[in-house]
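1. Got a sequence here, can you model it:
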Amino acid sequence: MASARRDLARVRGLSVGHAESDDGTTGVTVVRFPGPTPAVIDVRGGASATYDTASLALDATFGRRWAIFFAGGSVFGLDAARGIRAEILASGGGHHAFSHPHRVVPVSGAALFDLPLQEGRLPDYEALGREATQHASRRPVASGRVGAGAGAMVGKYLGRHRAMHGGLASSAASVGRRGTVGVLVVVNAVGAVVDPRTGRWVAGARTSSGRIAPPGRRWGRGGSARGTTLTLVATDLALDRPALARVASIVHAGLARTIVPYQTSTDGDVVFAAATGAAGPMPAERVPGTNADRVGAVAAVRAVSAVLAAVRAGNPPSTDRSRSTPRAGR
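-> As a prediction, this is how the structure comes out:
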């Protein structure tokens with residue numbers, strides 16, 4: 001049944017698509033909306049690569065988007081926006097701004113650093129953006145090394161050669177009688193991932209024996225580490241943009257429970273939040289902010305689940321020896 005689904009596409013009023021490069025080392029993920037949808041962004045990492053996000057500020061005028069995208073390729077990956085926009089226009093999307101005859105398609109996104117170690121020709125991210133948009137659907141969202149998570153790594157604090165695979169995953173849950181909130185993450189973190197329920201490290205830098213070395217005194221010995229966790233939280237409830245900003249802030253707190261450390265100076269950690277409104281409004285608030293807090297609390301839990309699912313899908317059990325690793329804090 002649809003109600004049993006746990007992925008982002010359970011949220012009504014959006015579709016999700018992926019595309020990967022020919023060699024499978026990078027890609028693009030698009031979350032597409034049927035029309036201009038209220039959205040915000042909360043940037044916490046010190047090295048973000050984003051596309052057209054200034055107008056998502058709460059004091060900006062046009063804080064609505066037809067799509068949110070995530071891409072590999074660092075700043076090169078931001079070229080995906082052009083392909084996404086072209087495909088939405090080709091399929092009849094876009095709207096007339098200021099009564100002008102040309103349709104416009106505002107989209108926003110962010111990129112992670114997965115550039116190859118050797119210099120060479122990079123994929124055509126514009127084409128990947130178009131392809132991902134063409135593939136956008138309501139089908140269950142794939143997990144692991146797909147889309148923007150194709151080249152993701154985790155635990156770069158001892159150098160890239162010690163890192164484990166990252167990945168992409170999503171998780172969703174009900175809010176109240178009618179609503180749903182979902183979270184999609186692409187985990188390419190400098191830090192390690194811990195399961196907050198058990199205290200065990202799930203992914204991070206490997207030692208020569210294959211165990212996960214918790215981040216700490218050996219931090220940075222492997223050289224300059226670059227990473228990012230890209231997150232979208234979406235709900236089909238009709239939240240306004242100030243409420244979405246609070247939801248995004250709460251989701252950051254959830255992510256900090258499982259990614260250690262989070263929001264570093266070389267991470268590009270961002271959280272987008274969007275509300276399709278397809279499920280209608282939430283009940284009237286007796287206390288201001290109650291609805292945002294309620295959605296944010298569910299979303300923060302889903303964010304943790306999505307991060308754990310992403311790194312577990314990226315590291316199959318046959319190669320994952322994290323059960324032999326110490327608990328966090330030891």
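2. Okay, helices next: where are they in this structure?
-> According to DSSP state H, the chain carries its helices in the segments 80-90, 125-134, 241-255, 290-314.
3. Mind checking the ones you listed for the one nearest to H96?
-> helix 80-90 (12.2 Å; C-beta to C-beta). (C-beta placed from N, C-alpha, C; glycine too.)
4. Output the contacting helices and strands for the lowest-mean-pLDDT helix or strand in the chain.
-> When the helices and strands of the chain are scored by mean pLDDT, DSSP states H and E, strand 95-96 comes last with a mean of 88. Using 3 or more C-beta pairs under 8 Å, 6 or more residues apart in numbering; DSSP states H and E, the elements in contact with strand 95-96 are strand 103-104.
5. Does the strand it packs on pack against any helices or strands, and if so which?
-> strand 95-96.
6. Pull the distance from the strand it packs on to the chain's centre.
-> 28 Å (C-alpha atoms, centre = their mean, to the nearest Å).
7. Name the residues that touch it?
-> 35-36, 102-105 (C-beta atoms under 8 Å, 6 or more residues apart in numbering).
8. Rebuild those residues as a markdown table, extending it with pLDDT.
-> Conversion of the contacts of strand 95-96 to a markdown table gives the following (pLDDT from 0 to 100):
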| residue | pLDDT |
| --- | --- |
| G35 | 96 |
| P36 | 97 |
| H102 | 86 |
| R103 | 90 |
| V104 | 91 |
| V105 | 95 |
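9. Now for these: which two are most distant?
-> Greatest spatial distance among the contacts of strand 95-96 (C-beta to C-beta): G35 and H102, at 17.1 Å.
10. of these two, who's got more company?
-> G35 (13 against 8; other C-beta atoms under 10 Å).
11. so how far is T207 from the more buried one?
-> 50 Å (C-beta to C-beta, to the nearest Å).
12. With M153 instead?
-> For M153 relative to T207 (C-beta to C-beta), the value is 16 Å.
13. More neighbours: which of these two?
-> Shown here are M153 and T207; by other C-beta under 10 Å, M153 has more neighbours (24 against 13).
14. Could you list the low-confidence segments of the stretch 201-330 of the chain?
-> Along the stretch 201-330 of the chain, segments meeting pLDDT under 70 span 217-225, 318-330.
15. change it to 50
-> 319-327, 329-330 (pLDDT under 50).
16. and the residue nearest the centre of the chain, what are its bridge partners?
-> The centroid of the chain falls nearest to T231 when counting by C-alpha atoms, centre = their mean (2.7 Å). Taking DSSP bridges as the rule, T231 bridges to V185, V271.
17. any idea how far it is from G167?
-> Going from T231 to G167 by C-beta to C-beta gives 13 Å.
18. contacting residues for G109?
-> Here G109 is in contact with 50-52, 67-71, 78, 80-81, 84 (C-beta under 8 Å, 6+ apart).
19. what does V43 give?
-> Taking C-beta under 8 Å, 6+ apart as the test, what V43 contacts is 50, 53, 269-270.
20. Please repeat the previous calculation with a cut-off of 10 Å.
-> Applying C-beta atoms under 10 Å, 6 or more residues apart in numbering to V43 gives the contacts 50, 53, 56, 110, 248, 252, 263, 268-272.
21. what do you get for S265?
-> S265 neighbours (C-beta under 10 Å, 6+ apart): 45-47, 190, 225.
22. out of those, which is most surrounded?
-> That'd be V190 among the contacts of S265, by other C-beta under 10 Å, with 32 neighbours.
23. That one contacts G159, doesn't it?
-> No - using C-beta atoms under 10 Å as the test, V190 is too far from G159 to be in contact (11.2 Å).
24. Just list the residues touching the nearest residue to P36 once chain neighbours are set aside, thanks.
-> Of all residues not flanking P36 in the chain, R64 sits nearest, at 3.7 Å (C-beta to C-beta, 6 or more residues apart in numbering). Taking C-beta under 10 Å, 6+ apart, we find R64 in contact with 33, 35-39, 55-56, 95, 106, 241, 274.
25. Most neighbours among those, please name it.
-> Going by other C-beta under 10 Å, A274 tops the contacts of R64 with 30 neighbours.
26. Skipping its backbone neighbours, what lies nearest that residue in space?
-> In space, A274 is closest to A39, 4.2 Å off (C-beta to C-beta, 6+ apart).
27. List the contacts of that neighbour.
-> 33, 53, 55-56, 63-68, 106-108, 232, 234, 241, 244, 248, 272-275.
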